[in-house]
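Enquirer: here is a sequence together with a model predicted from it:
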Amino acid sequence: MRVLLVEDDRMIAESLRTALRAEGHAVDWVRDVAAAQGTLASEQFDLVLLDLGLPGGDGLQVLRTLRARRDDTPVIVLTARDGTGDRVAGLDAGADDYLVKPFEYEELTARMRAVLRRRGGHAAPVLQVGTVTLDPATRQVTRDGAPVLLSAREFAVLEALMQRPGALLSRAQLEDKLYGWGDAVESNAVSVYVHQLRRKLGADFIGTMRGVGYYVGRPGGGAT
Ligand code: CA
């Protein structure tokens with residue numbers, strides 16, 4: 001998935017970015033209110049991790065601006081403030097969840113998965129399409145009940161497709177979930193990952209609509 005990280009603490013930001021990238025996510029990092037506002041006005045993210053104490057203002061401004069233009073991108077607020085008032089203000093401003101620093105990385109990723117599940121309208125944590133299952137929490141994939149080993153980026157491509165069975169995702173949309181700014185995008189990378197996934201999950205598991213994109217399940221139909 002593509003994540004925007006709004007955080008002025010370099011140590012926290014770099015460790016989060018490294019950990020999220022290792023799981024195959026695209027992470028873009030901005031450090032102040034103006035950069036966050038500008039980025040969110042021009043680009044689409046699957047999730048925003050938002051610090052509140054930022055140079056140039058309060059992260060809550062970023063959140064209020066986002067919600068004021070009816071952008072419902074999921075937002076998890078990260079902050080050192082632990083007063084009840086701040087928590088309430090964050091949630092009232094439209095945050096999906098709230099995490100007080102310091103936190104464990106595992107807790108953050110569990111909350112990210114929970115927010116995306118609620119947003120996706122699927123309560124079941126494990127995604128299933130046909131005989132293939134994908135568990136975002138354990139990062140396990142099975143085919144006909146047998147475990148399938150995937151690289152982090154193969155997993156990221158498969159997860160993006162399985163979150164929306166039947167939906168067509170273009171190569172550019174999939175690249176967006178794999179690469180942040182400044183990452184070198186290998187040409188043809190998406191085709192290579194799709195090829196690997198077909199080899200591991202069955203040639204027909206991922207469909208192609210030529211010139212439009214890739215899908216799992218029935219195109220326009222949902223899970224099969
Ligand atoms: Ca801060």
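Expert: Nice, thanks for sending it over.
Enquirer: which parts of this protein sit against the ion?
Expert: Contacts of the chain with the ion, taken as Cβ under 5 Å from the ion, map to 8, 51, 53. For glycine as for every other residue, the C-beta is placed from the backbone atoms N, C-alpha and C.
Enquirer: what residue, apart from its backbone neighbours, is nearest the second one spatially?
Expert: Right, the one you point to is D51. Once flanking residues are discounted, D51 sits nearest to E7: 4.4 Å by Cβ to Cβ, 6 or more residues apart in numbering.
Enquirer: what's the answer for the first one, then?
Expert: Nearest residue to D8 in three dimensions, chain neighbours excluded: R31, at 4.6 Å (Cβ to Cβ, 6+ apart).
Enquirer: tally of neighbours for the residue nearest to D51?
Expert: Other residues near E7 number 24, with proximity taken as other Cβ atoms under 10 Å.
Enquirer: just checking, it touches S15?
Expert: No: using Cβ atoms under 8 Å as the test, E7 is too far from S15 to be in contact (10.3 Å).
Enquirer: list the buried residues of the helix-or-strand element of the chain with minimal mean pLDDT.
Expert: The helix or strand of the chain with the poorest confidence is helix 84-92; it has a mean of 82 (mean pLDDT, DSSP states H and E). Buried positions in helix 84-92, judged by neighbour count with 16 or more other Cβ atoms under 10 Å: 86-87, 89-90.
Enquirer: next secondary structure element downstream of it?
Expert: Later in the chain than helix 84-92, the nearest helix or strand by DSSP states H and E is strand 97-100.
Enquirer: hey, what's the residue of the chain found nearest the ion bridged with?
Expert: Per Cβ to the ion, G53 is where the chain lies closest to the ion, at 3.9 Å. As for beta bridges, G53 partners with D58 under DSSP bridges.
Enquirer: how many other residues sit next to it?
Expert: By other Cβ under 10 Å, the residues close to G53 number 14.
Enquirer: L49 now?
Expert: So L49, with other Cβ under 10 Å, has 26 neighbours.
Enquirer: residues touching F45, list them.
Expert: F45 makes contact with 2-4, 28, 73, according to Cβ atoms under 8 Å, 6 or more residues apart in numbering.
Enquirer: skipping its backbone neighbours, what lies nearest it in space?
Expert: Using Cβ to Cβ, 6+ apart and skipping residues adjacent in sequence, the residue nearest F45 is L4, 4.5 Å away.
Enquirer: that'll do, ta.
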